[in-house]
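Colleague: Provided below are the primary sequence and the corresponding predicted coordinates.
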Amino acid sequence: MGLKYILRRLLTMIPVFFLVVTVVFFMIRFAPGGPFSAEKKVSPQVLKNLEAKYHMDEPLIQQYFRYLGDLSRFDLGPSFKHSNRTVNEIIGEALPVSMELGLISLCWALLIGITAGGLAALKPNTPYDYIPMSLSIMGICLPTFVIGPVLVLVFGLWFNWLPVAGWNSWQDRLLPSLTLGFAYAAYISRLTRGGFMEIRHQDFIRTARAKGLTEGQILIKHALRGGILPVISYLGPALAGIITGALVTETIFNIPGLGRFFIESALNRDYTVVMATSLLYFSLIFLCNFLVDIVYVILDPRVKYE
Amino acid sequence: MKFKSWRLALCSLLSLVFLSASFLIPLSSAESAIPQVLNLGNGGEPKDLDPHIVTGVPEFHILMNLLEGLVSKDPKTLAPTPGVAEKWKTSKDGKTYTFYLRKNAKWSNGDPVTAHDFIYSWTRLLKAETASEYAYQAFYIKNGKAFNESKITDPTQLGLKAIDTYTLEIKLENPTPFFLSLLFHHSLYPVHKATVEKFGVRWTRPENFVGNGAFILSKWEINKVVSLKPNPYYWDKEIIKLTEANFFPIDKHETEEKMFRAKTLHTVDDLPLEKLPLWQKDSSGVFKTHPYLGTYYYWFNCTKAPLNNKKVRQALALSIDRDRIVRFVTRGGQVPATMFTPPGTGGFQPLPRLPKDGSQVAKAKKLLAEAGFPEGKGLPAIEILYNTSDNHKKIAEAIQQMWKENLGITTTLFNQEWKVYLDNQHTKNYMISRAGWIADYNDPNTFLDMFLTNGGNNHAGYSNKAYDELIESAKKERATQKRFAIFQKAEDILLEDLPVLPIYIYSRNYLLSNEVQGWYPNIEDIHPLKYISLATK
Amino acid sequence: MSNSLWTDAWHRLLKNKLAVFGAVFISLEILICILTPWIAPYGFETQNLELTLAKPSMVHWFGTDNLGRDLFTRILYGGRISITVGLLASLVSVVVGVIYGAISGFVGGKTDNILMRIVDLLYALPFIFLVIILMVYFGRNILLLFVALGLTQWLTMARIVRGQVISLKQKEFIEAAKSIGVRTRSIILRHLIPNALGPVIVYLTLTIPSVILEEAFLSFLGLGVQAPMASWGTLISSGVEVMEIAPWILFFPAFMLSLTLFSLNFLGDGLRDALDPKGAKD
């Protein structure tokens, strides 16, 4: 895999990106309801005025080319819902918050997940296996919308140690990042354990064991490489997801992140914001999966992409 | 070295004594010590802070402090009090109002507030390009509607005239008895012309905002906080005690309630339904509850069988136990809706025409049989449409059960995401659909003119000539008692025809810290910050 | 694969006590779900407004909810939906994801690039709109529920399988099979997929609960179960609301979901060990 592959791969992003713009642009217009439908219905006259204001009175195809033109200038347009802000501003304000939350959570998730999964795989069918794996199953069955409020109740209200919501001090970062981190840690630990268990029986591990290496040494030297493969595959999309924000966690802790915009914009039919979040998510998915493919080669140099 | 460290120790000891002393002193006069910073939970993130663009309640709560209309409202009695206008007079036919503006009213940049500012602002509200959803609030002004619909293009033909810089004359289409109370609505607040024209849509950003209210906009971070500080140019600035007010947009009532318990907030916008029983038992006095100007009801689609049959609608309306719904399901001090207009709207007390409880089930059964569906036989399955929410679901489930037990009919429930639900409701693609109506202004008209034939918000497809005529005649009537008599007749027709199934009158349930002074619970839920202060209790 | 291979696997599975427990529990659960209408003590929609949020008792084993309905009954009925949805939608995601991922990884080159970019694109589509539009055209069809749920879940499965296959196909035994002219289809079906089965089973056991919980989100959009029927997902999410007043309303459905998941995991681990030809004999 050389530079040529990397360049070629990056170039394929352009047509796919274009495809995503087109598909999403037309798709969202097919859904019933529009940005201006409200409980107190606006009069036909006002609706006409509003549509004119946002160029929505033009034929759809003309709006599409207008959007492409704006996009080529990196202008994502005005938001329908937040009418004195541009979409660029919204993303500029909210994305850093979500990225910060996401990266802290990811650190927790990897730390807890890989340690727990590794420990379980090292001593399968012992308490070192059962306890972390039971916790992980609980973590999967009790999603963030359960864990978050419980953590708030215990640490925020009963013990009064940490703030219950907000995003100002470092203390504010703890509970949300743990909530979000646990969810991912549960997955990572299961995948890590599974991956390690798989590789334990493979020939090169047996060879290593025959050479007299301890289980711990084997784990770190060999198994970490091959066994972690499913975790890496999972992490690609997960990374993109976690840094573009987590709706539930952000809502519970009232964090001004981007995750809320993914659902909010769709429910409000805030077309420009839906476009922007989809495109951002796509770009991140693309890049993260690209990184994953590169990591495959680093872990196993025999892997080739023609 | 040794000597120095000894001196250091003494110094720190002394400063420690002073420090503890300084802690002790304010304790004796706690009143002044408490920081005058109010933190409020404010529901959703404001869409904008342009009074001519926004439509929501969270925005109104902020705007009533940033801008001031001609007339304000007394927070206790809700009676009109002088705002920018010191005094006003009404002509004999009730169609001309003259407002005398106070000369010391200033914008937050020091400019005086003049009659021309109001003419500019209301013309802007009505202009087609502004695309204001609340433009109809100015349709009472002469030629307002025609101008908004671009039938008249000359703004000087509007019923607005500056007699001099500080005198504004307004001509109305009809004598509109609630016109003064309308003036407190944000759509009729003034905006600063130079700022609006210079910054366009960005004029409402904190760095640009110029207002004439008691407070100015000091910070606005999306989904995080909107902060207000006192306006140094405000004419009545002596009365202001707060040094800062922070409006936190919090979507989740659960979060808000927890922040209140952690003492991060002084008040919450709303309470989670499930928490009401707990707070109702609380004795610390922070729990507040009072009726609110809004009705929760179901639309009956009058254009489709079987609900185009009046008797079926009557049977359905008579067979639910509203009392049990408010006592066991909503449990928040709501009032069973035996009428459509909430009692006390603008002083109007409508007579109860629907049963409060299940006392008329026998009559309902008879009506259903008369309609051709004895014991519910032959009646097609009825579908209730509601937008996704646990509360709507619970109410629908309870009503479904009541109809099943009382009339023997089957209903199916059907929830939809908000915009899809609106789309189906507005295109009459439903049988029964959940709805709620919150007053735009404190007058029965805001509830009753909804049912006019082909009215924009008449989603039942309801039409009754006699009803239309009554509402039109109420618009021209000036004598309060006569108007109320007309409204009562309209209510009677409405509750006989039943294009809607009234369920309950809304209530407001929220928490308010005992530290907050000058906050008066009222039916319109208006709490101007200029009267509010904080004190230890 | 010969018969004896399957028999061997079956015997290995039977020796694994936890796996047997898991299998028995799941079968029992499925049986109960089928029999629910006959064994449920109350109707799932029968309300008793005078007895809301009652504590667990001899009359109502799991207590009652905020409309006074028997929680035990509602969990039984909810299980029917959630287990069906969980198993079927996961099955859809496994079949599609494994085949898609294996082909992409094994064929490689341009095909791999195109197939994986399609996956990237599908990730980015706004899911809410997808569901809403599907509902506009196909109505509230129960099949649509499986499509919508499967649609989101197979993507990561495909990426995981592809990753495994890319690594496996460099291995000697695959090279050997290729060199003696075994057809691509056979290589994928006989060699690659069985060897990638470990992570697939692990990820499958992760998919089932997330599908069950995601069903609650689809209910939000109007797809999925309609009130007054409830699934475990919707029971858990409404349980959170009353967590401080009536914790049992959250506890019981979450407990049932966890128990099911434990069983599935034991069974999954047992299956993987049993099917692993190299044998887990250490």
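Modeller: Thanks, I have it. All figures in this text were calculated on a predicted structure; none of them were measured in a lab. Numbers count the residues shown, from 1 in each chain, chains lettered A, B, ... in the order given.
Colleague: in which helix or strand would I find the nearest residue to residue C:111 once chain neighbours are set aside?
Modeller: In this structure, residue C:111 finds its nearest non-sequential neighbour in residue C:104, 6.8 Å apart by Cβ to Cβ, 6 or more residues apart in numbering or on different chains. (Each C-beta comes from the backbone N, C-alpha and C, glycine too.) Per DSSP states H and E: residue C:104 is located in helix C:71-107.
Colleague: count of neighbours near the residue lying closest to residue C:246 once chain neighbours are set aside?
Modeller: Nearest residue to residue C:246, sequence neighbours excluded (Cβ to Cβ, 6+ apart): residue C:53, at 4.5 Å. Using other Cβ atoms under 10 Å in any protein chain shown, residue C:53 has 18 neighbouring residues.
Colleague: cool, and residue B:483?
Modeller: 22.
Colleague: which residues touch it?
Modeller: B:177, B:474, B:477 (Cβ atoms under 8 Å, 6 or more residues apart in numbering or on different chains).
Colleague: right, and residue B:223 touches residue A:259 too?
Modeller: No: using Cβ atoms under 8 Å, residue B:223 is not in contact with residue A:259, being 10.5 Å away.
Colleague: stretch B:155-170 near chain A anywhere?
Modeller: No: on the criterion Cβ under 8 Å from any Cβ of the partner chain, stretch B:155-170 is out of touch with chain A, staying 15.9 Å away.
Colleague: chain center to the lowest-mean-pLDDT helix or strand in chain C, what's the gap?
Modeller: Of all the helices and strands that make up chain C, helix C:3-15 has the lowest average by mean pLDDT, DSSP states H and E, namely a mean of 75. Computed by Cα atoms, centre = their mean, to the nearest Å, the chain-centroid distance of helix C:3-15 equals 24 Å.
Colleague: please, where are all the helices along the stretch 101-250 of chain A?
Modeller: In the stretch 101-250 of chain A, the helices defined using DSSP state H, counting those that start in this stretch lie at A:127-141, A:144-151, A:171-200, A:203-210, A:215-218, A:224-227, A:229-243, A:247-252.
Colleague: chain B contacts on the stretch 151-300 of chain A?
Modeller: Residues of the stretch 151-300 of chain A lying near chain B (Cβ under 8 Å from any Cβ): A:152-153, A:156-157, A:160, A:163-167, A:251-254, A:256-257, A:260, A:267-269.
Colleague: typed the wrong thing, it's chain C
Modeller: Residues of chain C lying close to chain B by Cβ under 8 Å from any Cβ are C:45, C:47, C:49-50, C:52, C:66-68, C:128, C:132, C:135, C:140, C:219-222, C:226-228, C:238, C:241-242, C:244-245.
Colleague: how about low-confidence regions in chain A?
Modeller: Within chain A, the segments meeting pLDDT under 70 span A:1, A:201-204, A:219-225, A:306.
Colleague: switch the cut-off to 50
Modeller: Residue ranges of chain A with pLDDT under 50: none are present.
Colleague: nearest residue to the middle of it?
Modeller: residue A:241 (0.9 Å; Cα atoms, centre = their mean).
Colleague: what do you get for chain C?
Modeller: Closest to where the C-alpha atoms of chain C average out (Cα atoms, centre = their mean) is residue C:208, at 2.0 Å.
Colleague: which SS state does that one fall under?
Modeller: helix (DSSP: H, G, I helix; E, B strand; the rest coil).
Colleague: how much space between the closest residue to it other than its chain neighbours and chain A?
Modeller: With Cβ to Cβ, 6+ apart as the criterion, residue C:208 has its nearest non-adjacent residue at 4.4 Å, and that residue is residue C:86. Going from residue C:86 to chain A by Cβ to the nearest Cβ, to the nearest Å gives 12 Å.
Colleague: right, and residue C:86 touches residue C:210 too?
Modeller: No: in this structure residue C:86 lies outside contact range of residue C:210 using Cβ under 8 Å: 9.1 Å.
Colleague: the more surrounded of the two?
Modeller: residue C:86 (28 against 20).
Colleague: for residue B:157, what are its contacts?
Modeller: Listed by Cβ under 8 Å, 6+ apart, the contact set of residue B:157 reads B:143, B:147.
Colleague: check what pLDDT it gets.
Modeller: Note on residue B:157: pLDDT of 93.
Colleague: please apply the same query to the one 10 residues further on.
Modeller: The predicted local confidence for residue B:167 comes out at a pLDDT of 96.
Colleague: OK, contacts around the closest residue to residue B:418 other than its chain neighbours?
Modeller: With Cβ to Cβ, 6+ apart as the criterion, residue B:418 has its nearest non-adjacent residue at 5.0 Å, and that residue is residue B:387. Contact analysis of residue B:387 by Cβ under 8 Å, 6+ apart lists B:415-418, B:421-422, B:434.
Colleague: check the burial of whichever residue of the stretch 201-306 of chain A sits closest to chain B by counting its neighbours.
Modeller: Proximity of the stretch 201-306 of chain A to chain B (Cβ to the nearest Cβ) peaks at residue A:256, 3.8 Å away. A count of neighbours around residue A:256, defined by other Cβ under 10 Å, yields 19.
Colleague: check which helix or strand covers it.
Modeller: Short version, using DSSP H and E: residue A:256 is in no helix or strand.
Colleague: okay, now residue 84: neighbour count?
Modeller: This is for chain A. 22.
Colleague: hmm, no, I was thinking of chain C.
Modeller: Residue C:84 sits with 16 neighbouring residues when counted by other Cβ under 10 Å.
Colleague: please apply the same query to the one 5 residues further on.
Modeller: A total of 27 residues lie near residue C:89 under the criterion other Cβ under 10 Å.
Colleague: in this structure it contacts residue C:149, no?
Modeller: Yes: using Cβ under 8 Å, residue C:89 is in contact with residue C:149, at 3.8 Å.
Colleague: now do the shared contacts for the two.
Modeller: The contact lists of residue C:89 and residue C:149 share residue C:211, where a contact means Cβ under 8 Å, 6+ apart.
Colleague: nearest spatial neighbour of residue A:114, skipping sequence neighbours?
Modeller: residue A:192 (5.3 Å).
Colleague: I meant residue B:252, not that one.
Modeller: Spatially, and ignoring its direct neighbours in sequence, residue B:252 is nearest to residue A:251 (5.3 Å; Cβ to Cβ, 6+ apart).
Colleague: please tell me how far that neighbour sits from residue A:244.
Modeller: From residue A:251 over to residue A:244 the distance is 15 Å, taken as Cβ to Cβ, to the nearest Å.
Colleague: wait, the residue of the stretch 201-306 of chain A closest to chain B sits on residue B:223?
Modeller: Yes: with contact defined as Cβ under 8 Å, residue A:256 reaches residue B:223; the gap is 3.8 Å.
Colleague: which strands or helices does the lengthiest strand in chain B pack on?
Modeller: As assigned by DSSP state E, the longest strand anywhere in chain B is strand B:287-300. Judged by 3 or more Cβ pairs under 8 Å, 6 or more residues apart in numbering or on different chains; DSSP states H and E, the packing partners of strand B:287-300 are helix B:276-280, strand B:432-438, strand B:500-511.
Colleague: 6 Å instead?
Modeller: On a contact count with 3 or more Cβ pairs under 6 Å, 6 or more residues apart in numbering or on different chains; DSSP states H and E, strand B:287-300 meets strand B:432-438, strand B:500-511.
Colleague: and among those, the most buried is which?
Modeller: Compared across the helices and strands packed on strand B:287-300, strand B:500-511 shows the largest average neighbour count, a mean of 23 (mean count of other Cβ atoms under 10 Å in any protein chain shown).
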